[in-house]
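Q: mind folding the following:
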Amino acid sequence: MKPQPATIVDSALFTGLVIQKFIHQIQVLAGDHTLMCALPPHLAAHVAAGDVVRCEPAPAPDLPRLVTVLPRRSEYSRPAAASRPGAHAPQQVIAANVDWVMPVFAAASPTPKWNLLDRFLAAAEAQGLPARICITKYDLTPSGSPAEQELHEALTLYRSLGYPVYFVSAQTGSGLVELCGHLSQGTTLLVGKSGVGKTTLLNALLPGADQSTRAVNAVTGKGRHTTTAAHLYPLPGGGAVMDTPGMREFGLWDIAREDMAACFPEMRPHLGRCRFGLSCQHDEEPGCAVRHAVMQGAVHPRRYQSYLRLKAEAA
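A: Below you'll find the predicted structure:
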């Protein structure tokens, strides 16, 4: 679905799509024009890239001013940094009005961290957003190599759970046509660690975006941040991509412990079938249907461990 960025509401207000948010301003796509608008302090916490907003014009040299944020159809969030140790972290909306979440992981350099993927997917499940997985730098795993076999074995699990997987290489161009077909279907949010190739992928999909890229640190193996804020890019063939800063850690927002298991699709068929019913924590309780499913191979042990870690972090 191609973003519908702007219409004139009346002679005083215009409607636009937030492309990027800064400290005191927002960049708005209004019709065929991109312009900066002033961000009033009382609205700063209530607007994110992807929001549809209404702004009022102002005579030069003043900027147009954000007036209101229209209701969202979706949002993808995580906890913001707490203001003090032990404080409850407020919500940080990473992106608004997205249709898909696409975790991006490199086939190598840096090595994929599947527990982080579980976090991204659980957050998407909690917020009712479908997810697809993109593996970049596929050229770094030679065909038939042990590295390629190990990669595909790991991703077979996610495919079995209903998450499509795309293998792409911005260097060779492989997989990009298939990926573009998906991206044209709506607004896709890209999330992942620094250095996995999100920005390089964006440059391949959208020539002229002129996004800077930096290599993975050869000493630490960690990526260097190139994107500093979420940025929405409409695509020529329809649809849009939301690029986000690299995330080395990712917490889940506003999910109670008793609801965490429902964020894992393979656990849902077993919920409510435990000896202690819906009150079961699926940890050490006798007669737990989820733990039985793990022992029977219906729930992968590593995914179960991801669930336990996320549940321990939840309120």
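
Q: for L39, see how far away Y163 is.
A: Distance, Y163 to L39, using C-beta to C-beta, to the nearest Å: 36 Å. Backbone N, C-alpha and C define where each C-beta goes, glycine included.

Q: check V93 too.
A: From V93 to L39 the distance is 14 Å (C-beta to C-beta).

Q: same deal with R248?
A: Counting by C-beta to C-beta - R248 and L39 are separated by 27 Å.

Q: do the same with A230
A: In this view, A230 and L39 are 15 Å apart by C-beta to C-beta.

Q: how about H270?
A: 46 Å.

Q: same thing with L140?
A: For L140, the distance to L39 - C-beta to C-beta - is 41 Å.

Q: who has more neighbours, those two?
A: Higher neighbour count among L140 and L39: L39, with 20 against 16, using other C-beta atoms under 10 Å.

Q: ok, that one touching I26?
A: Yes - the pair L39 and I26 qualifies as a contact (C-beta atoms under 8 Å) at a distance of 5.2 Å.

Q: hey, what's in contact with both of the two?
A: V47, L66 (C-beta atoms under 8 Å, 6 or more residues apart in numbering).

Q: buried residues in the helix ranked longest in the chain?
A: For the chain, the helix with the greatest residue count under DSSP state H is helix 146-160. In terms of neighbour count (16 or more other C-beta atoms under 10 Å), helix 146-160 has its buried residues at E148, L151, L155, Y158.

Q: repeat for stretch 273-287
A: C274, C280, Q281, H282.

Q: report the separation between H24 and E249.
A: Distance of H24 to E249, given as C-beta to C-beta: 27 Å.

Q: show me which of those two is the more surrounded one.
A: Legend: neighbour count by other C-beta under 10 Å for H24 and E249, higher for H24 (11 against 8).

Q: and that one, how close does it get to G173?
A: According to C-beta to C-beta, H24 and G173 sit 40 Å apart.

Q: which ones are touching P40?
A: For P40, counting by C-beta under 8 Å, 6+ apart, the contacting residues are R65, L66.

Q: what about the strands in the stretch 201-315 of the chain?
A: Counting by DSSP state E, counting those that start in this stretch, one finds strands in the stretch 201-315 of the chain at the ranges 231-234, 240-243.

Q: which strands and helices lie in contact with the last one?
A: Spelled out, that is strand 240-243. For strand 240-243, the helices and strands in contact under the criterion 3 or more C-beta pairs under 8 Å, 6 or more residues apart in numbering; DSSP states H and E are strand 187-191, helix 198-205, strand 231-234.

Q: mean confidence for that strand?
A: Here strand 240-243 scores 94 as its mean pLDDT.

Q: how about residues contacting it?
A: With C-beta under 8 Å, 6+ apart, strand 240-243 has contacts from 2-3, 49-50, 95, 98, 183, 186-190, 198-199, 202, 205-206, 211, 227, 230-235.

Q: hmm, 7 Å instead?
A: With contacts defined as C-beta atoms under 7 Å, 6 or more residues apart in numbering, strand 240-243 is touched by 3, 49-50, 95, 98, 183, 187-190, 198-199, 202, 205, 227, 230-235.

Q: CA atoms only for that strand, dumped as CSV, please.
A: Taking C-alpha atoms only, strand 240-243 is exported to CSV below (Å, rounded to 0.1, in the frame of the first residue of the first chain):
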residue,chain,number,x,y,z
ALA,A,240,7.5,2.4,1.8
VAL,A,241,10.4,1.3,4.0
MET,A,242,11.1,2.6,7.5
ASP,A,243,14.8,2.5,8.3
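
Q: report the beta-bridge partners for the residue most central in space within the chain.
A: In the chain, the residue lying closest to the centroid (C-alpha atoms, centre = their mean) is V191, at 3.9 Å. Beta bridges link V191 to P103, judged by DSSP bridges.

Q: and it, how far from A108?
A: Distance, V191 to A108, by C-beta to C-beta: 19 Å.

Q: now the least confident helix or strand in the chain by mean pLDDT: buried residues?
A: In the chain, no helix or strand scores lower on mean pLDDT, DSSP states H and E than helix 198-205, which sits at a mean of 90. Using 16+ other C-beta under 10 Å as the test for burial, helix 198-205 gives K198, T199, T200, L201, L202, N203, A204, L205.

Q: wait, which of those residues is closest to L13?
A: L202 (31.8 Å; C-beta to C-beta).

Q: which other helices and strands contact the helix or strand where G16 lies?
A: Using DSSP states H and E, G16 sits within strand 14-21. Judged by 3 or more C-beta pairs under 7 Å, 6 or more residues apart in numbering; DSSP states H and E, the packing partners of strand 14-21 are strand 25-30, strand 52-56, strand 231-234.

Q: make JSON lines from those strands and add mean pLDDT to it.
A: Formatted as JSON lines, the helices and strands packed on strand 14-21 follow (pLDDT from 0 to 100):
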{"stretch": "strand 25-30", "mean pLDDT": "96"}
{"stretch": "strand 52-56", "mean pLDDT": "97"}
{"stretch": "strand 231-234", "mean pLDDT": "94"}
